[in-house]
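J.: Here's my sequence, what's the structure:
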Amino acid sequence: MKKIKFTLLALMIVFLVGCSNNTSVEEIDSNSDTIVISEDMYVTWINEIYVNYQDYIGKKIKLEGMYTNYYSMQDDETYNMVYRVGPGCCGNDGNMAGFKFEFAGELPKENDWIEVEGVLDTYEAYGINNLILKDAKVKVKEERGIETVG
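T.: Residues are numbered from 1 along each chain as shown. Below you'll find the model as predicted:
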């Protein structure tokens, strides 16, 4: 009986830690010129940058993911996005994690695997600061990475 209680307690702790909103990442160096977001730390980096975006404004960010565009009725704009699917938590699985980006060239096809490098900036829509990669370079890649990341 004690083993079952201990196992249940251990599982509950793992579950709660996995669902926490703690985005403190000691390994991230906000002084680097270019931040390369890898598959290993993808969600961690995305969360860190969104939470502490003031530390990253003006920095180059490079990441890979799927391409999509979407129309926002809120501000009547169509945005390009590079993203991967994050793990979600607590009934909120499968969220898009990535960045909007501005690109003046020929846009990729929906769901193409792309590499995007751009400078992090903000724009305001309805009183909310939103993040976007400006002056982005976009490259369609043949080899796909991991679409759903943790």
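J.: ok, Asn47 to Lys139 distance?
T.: Computed as Cβ to Cβ, to the nearest Å, the Asn47 to Lys139 distance reads 25 Å. The way it works is simple: take the backbone N, C-alpha and C, and place the C-beta from them, glycine included.
J.: okay, those two: which has more neighbours?
T.: When Asn47 and Lys139 are compared for neighbours, Asn47 comes out ahead with 18 against 11, by other Cβ atoms under 10 Å.
J.: what does the helix or strand containing the more buried one rub up against?
T.: Element membership for Asn47 (DSSP states H and E) is helix 42-51. When contacts are defined by Cβ atoms under 8 Å, 6 or more residues apart in numbering, helix 42-51 is touched by residues 23, 25, 28, 35, 37-38, 56, 61, 63, 84, 86-87, 97-99, 120, 131, 149-150.
J.: Narrow the residues you listed to those that are buried.
T.: When those are checked for burial by 16 or more other Cβ atoms under 10 Å, the buried set is 23, 25, 28, 35, 37, 56, 61, 63, 84, 86, 97-99, 120, 131, 149.
J.: residue boundaries of the helices in the chain?
T.: Using DSSP state H, the helices of the chain run over 2-18, 42-51.
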